[in-house]
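Asker: task: produce atomic coordinates for the following.
(2 chains)
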Amino acid sequence: MRFVDEFREPELISRTAEEIRRLAGSDRYYRLMEVCGGHTHAIYRFGLKDILPENIELIHGPGCPVCVLPMGRIDDGLSIAQQPDVIFAAFGDMMRVPGTQGSPLEHKARGMDVRIVYSPSDALKLARLNPEKHVMFFAIGFETTAPSTALTLMRAKTEGIQNFSVFCNHVTIIPAIRAILDSPDMRLDAFIGPGHVSTVIGCRPYEWIAKDQDKPIVVSGFEPLDMLQSIVMLLRQLRAGEAKVENQYKRVVPWEGNRAALRAMAEVFQLRPYFEWRGLGFISQSALRLNDKYAAWDTEQRFEVPGIRVTDPKAAQCGEVLKGVLKPHQCKLFGRECTPEHPVGALMVSSEGSCAAYHNYEHRKAAMATSLTSIA
Amino acid sequence: MPIRFRDPQIEMAHGAGGKASRKLVEGLFAPLLFGSAPGPLGDAAHIDINGSKVAITTDSFVVKPLTFPGGSIGELAVNGTVNDLAVSGARAEALVVTFVLEAGLPTPVLEAEVRAMAKAARDAGVRIAGGDTKVVEHGKADQMYVTTTGIGCPLRGVTIDPRSVRVGDKILLSGPIGDHGITILLARGELDLEADLRSDTRSVLSLVETLVRAAGPGVRWMRDPTRGGAATSLNELARDCGLGMVLFEDQIPVRDMVRGACELLGLDPLHIANEGQFLAVVSPEYADAAINALSLAPGGSEAQVIGEVREQPAGTVLVTTRYGGSRIVDMLVGDPLPRIC
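Answerer: Predicted coordinates:
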């Protein structure tokens, strides 16, 4: 299959892995954070840890939109959908995310009109097909998905579709990286930069990470060879004592980003003064809301939003895992109270969440290794 | 046996064939209905009636849309039950059918499905011996549901038991996986994706008979990986026999269109439903004979050894890649949901 198989070519992968081993040497330890949940998923799915030397540690960052969404926002969205004649539309990613009274899928089983859509424009289509109902699109995602929400809202406005609104939970990546870097218990050497977000925002917004924070960052693709090559590029910078922004994912990411997408976002959204991130707390100017021109399509203006706040269970250590201070299995709840079937924290919900990925693909391997060592 | 099923209510996941389904069966149905510990649960029960061995199974079909490229609900309802019997090591002899129909269902739709059933039964060489019909109010069912119950005679020369699986055994797959599940996903028309793909629905009985003739004494276990996909079937086996199922990713036959759709939607082909394939575990000395016989049989040309049974990781399915990575593949939790963001 084109654009896939050539990036999974065993010979190239083993040569690149060899280069990583050579560069990494054995004199020091490297802590690299992959910011994006897609990368976390790829690391586990392709078993990349098996290929990397032991002195390279990959730390899973905050780039999983489902994982950083506070439970209160889900409760807010579901409470609006409980009103008569409202259709709750969201991506498949959202469907198993638990609110205090259960996930959207569980609400659907109890009779709520919940629809899985594959793009915001499908939600708008639902509104056209169901003029007697109100369709609320529960929007999530970083700059990757925000432009398609923006274009859908522009379409709704042009067509004058009244029975459609967006419950906006779009967040932006840069403030989250800043919050991670500002965290006192954080010790990171470099970043594997998000791939899909960068197709929209480009590489320039990361320059402060290199300049002010002295950390290398390489924007990376999602195939095994992409990620290994990005690690080579990071190690080369670190060995040379450099800190630059580099673009490994040139076949998709333009340095300046996608101007049309950025224009659409500017047309529709404005920054919220602050927004709560699960595990990270309130981060200023880190999320988007609809601007006044689009107030008529803003769920938060059209409906009474309860503004529910839910604190995470005390025992859950999502924040520490999100910042890379703890590994998923070091959380007290991991694999016991908190599993993919019954997630307590959101990191266990999305297959891009580091806990779910670790649980699905890795933890029994880790347990096996431990039991083998203890025998030896 | 204690009742261990504690979920407060039935959710869609309990019917999706993965972990939640298994919890419901083992935690509620088995203790109340089977009395004692049932042992590993297979695709069909083999019971003794006055000294005669009989295999029996039942399956309900709720599928949307009713027809899709390559098949329809009527055909699935016959093949599904014939296949459940086949992979338990039995030849289907007779089926009885229950229809639950929604008032307002157009007769031509029903007639087309009944014709599809008749044809599938002829092709599989099985009689339809009786049935029952219920009609529910409009809106209380989605057009039509079909349940088929089948009885069959055990095939001679083969015993299916997950507990007989040994380290070193080979894992066989009869052909490419994921065709049915992805065809249905696309046929729902919600994805704006198009592919020239057909469901793989078919009777696997003749292929199973071919396998048994060629390698009967070496065949330890079979399963048709329907809902939950190959990953779920192999996880159940791994749990039942306490051994590790190690798969070689590049040996698993998957059509490019299915792979492409899975890459786009963030799904794993190993979790996607099939309706015309089966998995088998065969002792190593019979593996070549099994593959040779299957590849020469009609519909078996893409059969492959996809992995082997190892001591570790015990109770687990591990997929290894050609470039040296590996990953654990768990049972599916709920339905496969596309990832977008």
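Asker: so who does residue 19 touch?
Answerer: In the absence of a named chain, this looks at chain A. residue A:232 (Cβ atoms under 8 Å, 6 or more residues apart in numbering or on different chains). Every residue, glycine included, has its C-beta placed from N, CA and C.
Asker: if you could check chain B rather than the one you did, that'd help
Answerer: A:341, B:330, B:331, B:332, B:333.
Asker: give me the buried subset of those.
Answerer: A:341, B:330, B:331, B:332, B:333 (16 or more other Cβ atoms under 10 Å in any protein chain shown).
Asker: got CSV for those, with distance to residue A:31 and secondary structure too?
Answerer: Listed next are the buried ones among the contacts of residue B:19 as CSV, based on distance: Cβ to Cβ, whole Å; DSSP: H, G, I helix; E, B strand; the rest coil:
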residue, distance to residue A:31, secondary structure
A:341, 31, coil
B:330, 28, coil
B:331, 33, coil
B:332, 33, coil
B:333, 31, coil
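Asker: so where do the strands sit in chain B?
Answerer: Along chain B, the segments classed as strands by DSSP state E run B:45-49, B:52-61, B:67-68, B:71-72, B:90-102, B:127-136, B:144-154, B:170-173, B:219-223, B:244-248, B:279-282, B:304-310, B:317-320, B:326-328.
Asker: okay, now residue A:186: neighbour count?
Answerer: 15 (other Cβ atoms under 10 Å in any protein chain shown).
Asker: closest point of chain B to chain A, which residue?
Answerer: Residue nearest to chain A within chain B: residue B:325 (2.7 Å; Cβ to the nearest Cβ).
Asker: ok, that residue - how many residues close by?
Answerer: Using other Cβ under 10 Å: residue B:325 sits among 23 other residues.
Asker: now do residue A:324
Answerer: 24.
Asker: my guess is it contacts residue A:189, does it?
Answerer: No: the criterion here is Cβ atoms under 8 Å, and residue A:324 misses it with residue A:189 at 11.5 Å.
Asker: report the residue ranges of every domain in the chain.
Answerer: Since you didn't name a chain, this refers to chain A. Per automatic domain parsing, the domain ranges recorded for chain A read A:1-312, A:318-375.
Asker: oops, chain B please
Answerer: B:52-154, B:162-328.
Asker: so when I look at residue A:75, I'm seeing a strand, right?
Answerer: No: secondary structure of residue A:75 (DSSP: H, G, I helix; E, B strand; the rest coil): helix, not part of a strand.
Asker: spit out the contact partners of it.
Answerer: A:99, A:100, A:101, A:306, A:308, A:310.
Asker: among those, which ones are buried?
Answerer: A:99, A:308.
Asker: as a markdown table, the contacts of residue A:75 with distance to chain B would be great.
Answerer: Shown next, in a markdown table, are these (distance: Cβ to the nearest Cβ, whole Å):
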| residue | distance to chain B |
| --- | --- |
| A:99 | 14 |
| A:100 | 14 |
| A:101 | 11 |
| A:306 | 24 |
| A:308 | 21 |
| A:310 | 20 |
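Asker: ok, of the contacts of residue A:75, which one's closest to residue A:281?
Answerer: Closest to residue A:281 out of the contacts of residue A:75 is residue A:310 (13.7 Å), distances taken as Cβ to Cβ.
Asker: need the pLDDT of that closest one.
Answerer: As predicted, residue A:310 sits at a pLDDT of 85.
Asker: got a list of what it touches?
Answerer: A:70, A:71, A:72, A:75, A:100.
Asker: 10 Å - rerun?
Answerer: Taking Cβ atoms under 10 Å, 6 or more residues apart in numbering or on different chains, we find residue A:310 in contact with A:70, A:71, A:72, A:73, A:74, A:75, A:99, A:100, A:278.
Asker: having no further points to raise, I will conclude here.
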